[in-house]
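here are the coordinates; sequence isn't available:
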């Protein structure tokens, strides 16, 4: 497993170790020992899977507030996505900046997103399946979100957006006085 820090402190792109032979392959997606230096005292508490049918769909941007803030480790196990993490950490030198990575069934990579970041993605192909590892249980009362079209973020989605859920469309734009979330 190769771990590379990105230009946003705390976000990592992880190349997974794939063992392949004539039968197919084995890919270790998570091992507490390998991730311990990034997770510190945290551990994985929840694993979720999403399926998105069509190309061009945007999901997000979602996060959890304290005390349910979470680290996410995201992997695309079918199809191809443009994955985005936005720094919402109060006082961060990269506040409101975003990083994007391509995750696909072919590149065997994961995206490690720390607490204090909003997360979303756009499908580059149809029929995408995403696997998420979370360090906290989902809590509806701690849920936070930012509108994926917020002009303050200036996210340049790679494709024409074909669809967003009603819920994602209703997420607020950032207030001009928004100073970030406490972590």
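Yep, it's here. Since this is a predicted model, take the numbers as computed values, not measurements.

Taking the centroid of this protein, which residue is nearest it?
Note on the chain: the residue nearest the mean C-alpha position is residue 119, at 4.3 Å, using Cα atoms, centre = their mean.

Hmm, that one is touching residue 63, no?
Yes: using Cβ atoms under 8 Å, residue 119 is in contact with residue 63, at 6.8 Å. Any C-beta I mention is one placed from the backbone N, CA and C, and that applies to glycine too.

and residue 19, how far is that from residue 28?
8 Å (Cβ to Cβ, to the nearest Å).

and if you look at residue 80?
21 Å.

Please apply the same query to residue 132.
In terms of Cβ to Cβ, residue 132 sits 17 Å off from residue 28.

Those two - which one has more neighbours?
residue 132 (19 against 11; other Cβ atoms under 10 Å).

For that one, give me its contacts.
Residue 132 makes contact with 47-50, 72-74, according to Cβ atoms under 8 Å, 6 or more residues apart in numbering.

Can you flag the buried ones in these?
72-74 (16 or more other Cβ atoms under 10 Å).

hang on, residue 48 packs against residue 134?
Yes: at 6.9 Å, residue 48 counts as touching residue 134 under the criterion of Cβ under 8 Å.

Could you list the low-confidence segments of this protein?
For the chain, no stretch has pLDDT under 70.

let's go with 90 and repeat that
1-2, 16-21, 23-41, 182-183 (pLDDT under 90).

ok, which stretches of it are helices?
32-39, 166-169 (DSSP state H).

got a list of what the nearest residue in space to residue 147 that is not next to it in sequence touches?
Spatial nearest neighbour of residue 147, excluding adjacent residues (Cβ to Cβ, 6 or more residues apart in numbering): residue 171 at 4.4 Å. Shown in contact with residue 171 (Cβ under 8 Å, 6+ apart): 61, 145-148.

burial count for the residue lying closest to residue 155 once chain neighbours are set aside?
In space, and not counting its chain neighbours, residue 155 is closest to residue 98: 5.9 Å by Cβ to Cβ, 6+ apart. Look at residue 98: counted by other Cβ under 10 Å, it has 19 neighbours.

Surely residue 98 and residue 152 touch.
No: the criterion here is Cβ under 8 Å, and residue 98 misses it with residue 152 at 10.9 Å.

before we move on, back to that, tabulate the helices of the chain in JSON lines, adding columns for mean neighbour count.
Below are these laid out as JSON lines (neighbours: other Cβ atoms under 10 Å):
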{"stretch": "helix 32-39", "mean neighbour count": "13"}
{"stretch": "helix 166-169", "mean neighbour count": "12"}
